[in-house]
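> Sequence and predicted structure are below.
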Amino acid sequence: MHSHHSHSGEFCKHASSTLNEVLARAYELNFTHFHLSEHVPRFRNQDLYPEEEEAGFTPVELEKQFRSYLDAQYEVMQRLRPEVIGHMDLFRLFDPDAPWIPDASTLAGKAILEKMERNVRFAASYGALFEANSSAFRKGWRHETYPGYVFLQKIKAMKGRIALSDDSHGTGQVALNFARLRTYLLKEDIREIWYLMPGTPPNIPHDVSASFEELETERHVRERSEFPGLNAPDHFPRGTRAVCLSGWESAPFWDTLPAELQTPITPM
């Protein structure tokens with residue numbers, strides 16, 4: 001099994017455990033692929049981590065431009081083409097039960113929904129993996145995690161690729177609530193997951209600019225189609241490739257997962 005977003009105390013100051021300890025725990029739990037990550041900048045002072053405040057960081061220093069979340073996310077995807085899009089609707093973190101789904105009958109709500117669809121459509125068109133992240137369950141969420149069902153259904157409808165992550169911050173959180181994540185995804189009828197593994201970078205011809213323009217033309221065609229993720233490339237310029245795992249819900253991993261790795265559901 002796979003996790004594409006985890007942390008260790010060596011490289012994330014509000015996490016715990018050494019990198020070796022985290023990886024050893026992942027190996028003990030029969031993970032085959034385990035990726036380490038870092039955080040994106042925040043836009044409000046109250047959202048800074050304590051160690052960032054102690055160091056005198058401000059949102060201005062972390063992110064020079066005060067854009068909206070979805071626009072900033074879109075810019076990152078355009079400029080960097082990340083292979084994995086982490087917790088795409090992280091903006092829900094501080095009030096998960098709020099009626100966050102925009103009202104399409106209002107101009108503001110319609111604009112937000114259009115940006116959501118734009119971002120999913122773009123990422124799917126170049127083959128990005130959308131992270132399904134189990135961490136929201138340990139933060140008290142009851143019925144959903146990242147991505148929420150609105151985003152998840154948009155991803156599914158556009159043939160986007162789902163990848164699993166535990167967003168762990170130490171050995172005690174490796175695979176935490178993965179069983180609940182499995183239940184959530186199956187409820188939303190996600191029958192395929194994808195994972196990254198090392199691959200061979202695509203052959204780059206002598207005329208790099210011409211090659212990029214050709215690939216971008218193909219991507220634009222997919223982006224404008226009904227299913228932008230269909231036939232998206234599975235090899236990425238940074239030397240990784242996306243692999244599909246059908247029948248993931250019945251993998252032997254789930255039979256060996258300890259039952260205690262599940263946070264109790266918070267009562268209403």
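The structure has been received and is ready for your questions.
> So for stretch 77-86, mean pLDDT?
Across stretch 77-86, pLDDT averages out at 90.
> For it, which outside residues touch it?
4-5, 35, 37, 40, 73, 76, 119, 122-123, 126-131, 133, 163, 165, 196, 236-238, 240, 242 (CB atoms under 8 Å, 6 or more residues apart in numbering). For every residue, glycine as well, the C-beta is placed using N, CA and C.
> swap the cut-off to 6 Å and go again
4-5, 122-123, 126, 128-131, 163, 196, 236, 240 (CB atoms under 6 Å, 6 or more residues apart in numbering).
> Nearest residue to residue 137 in space, please, no chain neighbours.
In space, and not counting its chain neighbours, residue 137 is closest to residue 177: 4.0 Å by CB to CB, 6 or more residues apart in numbering.
> With residue 220 instead?
residue 125 (7.7 Å).
> phi, psi of that neighbour?
With angles defined as degrees, to the nearest 10, residue 125 sits at phi -70, psi -30.
> Tell me how many other residues crowd it.
26 (other CB atoms under 10 Å).
> For it, which residues are in contact?
With CB under 6 Å, 6+ apart, residue 125 has these contacts: 219, 222-223, 228.
> can you rerun that using 10 Å?
Counting by CB atoms under 10 Å, 6 or more residues apart in numbering, residue 125 touches 158-160, 216, 218-225, 227-230, 232-233.
> out of these, which are buried?
158-160, 219, 222-223, 228-229, 232-233 (16 or more other CB atoms under 10 Å).
> With just CA atoms, put stretch 114-133 into CSV.
This file holds the C-alpha atoms of stretch 114-133, laid out as CSV (Å, rounded to 0.1, in the frame of the first residue of the first chain):
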residue,chain,number,x,y,z
GLU,A,114,-15.9,27.5,-11.6
LYS,A,115,-12.4,27.8,-10.0
MET,A,116,-12.8,24.5,-8.3
GLU,A,117,-13.6,22.8,-11.6
ARG,A,118,-10.9,24.7,-13.4
ASN,A,119,-8.3,23.4,-11.0
VAL,A,120,-9.4,19.8,-11.1
ARG,A,121,-9.6,20.0,-14.9
PHE,A,122,-6.1,21.4,-15.3
ALA,A,123,-4.5,18.9,-12.9
ALA,A,124,-6.3,15.9,-14.4
SER,A,125,-5.2,17.0,-17.9
TYR,A,126,-1.5,16.6,-17.1
GLY,A,127,-1.9,13.4,-15.2
ALA,A,128,-1.6,14.7,-11.6
LEU,A,129,-2.6,12.4,-8.7
PHE,A,130,-5.2,13.9,-6.3
GLU,A,131,-4.4,13.0,-2.7
ALA,A,132,-7.0,11.3,-0.6
ASN,A,133,-5.8,12.2,2.9
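> mind listing which of the contacts of stretch 77-86 are in strands?
4-5, 129-131, 163, 196, 240 (DSSP state E).
> would CSV of those residues with distance to residue 102, pLDDT and neighbour count be doable?
Shown next, in CSV, are those (distance: CB to CB, whole Å; pLDDT from 0 to 100; neighbours: other CB atoms under 10 Å):
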residue, distance to residue 102, pLDDT, neighbour count
4, 28, 78, 25
5, 26, 75, 24
129, 25, 97, 26
130, 19, 96, 27
131, 22, 94, 23
163, 26, 96, 26
196, 31, 93, 20
240, 34, 92, 18
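> and those residues as a markdown table, adding distance to residue 186?
Below are these laid out as a markdown table (distance: CB to CB, whole Å):
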| residue | distance to residue 186 |
| --- | --- |
| 4 | 19 |
| 5 | 20 |
| 129 | 18 |
| 130 | 16 |
| 131 | 17 |
| 163 | 16 |
| 196 | 22 |
| 240 | 27 |
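> from these, which is closest to residue 189?
residue 130 (15.2 Å; CB to CB).
> partners of that closest one in the sheet?
When assigned by DSSP bridges, residue 130 has beta-bridge partners residue 85, residue 162.
> who's in contact with it?
Going by CB under 10 Å, 6+ apart, the list of residues near residue 130 reads 84-88, 120, 123-124, 146-147, 151-152, 154-156, 158, 160-163, 194, 229.
> again, only using 6 Å
If you count contacts by CB under 6 Å, 6+ apart, then residue 130 has 85, 155, 160, 162 around it.
> what does residue 150 give?
With CB under 6 Å, 6+ apart, residue 150 has these contacts: residue 101.
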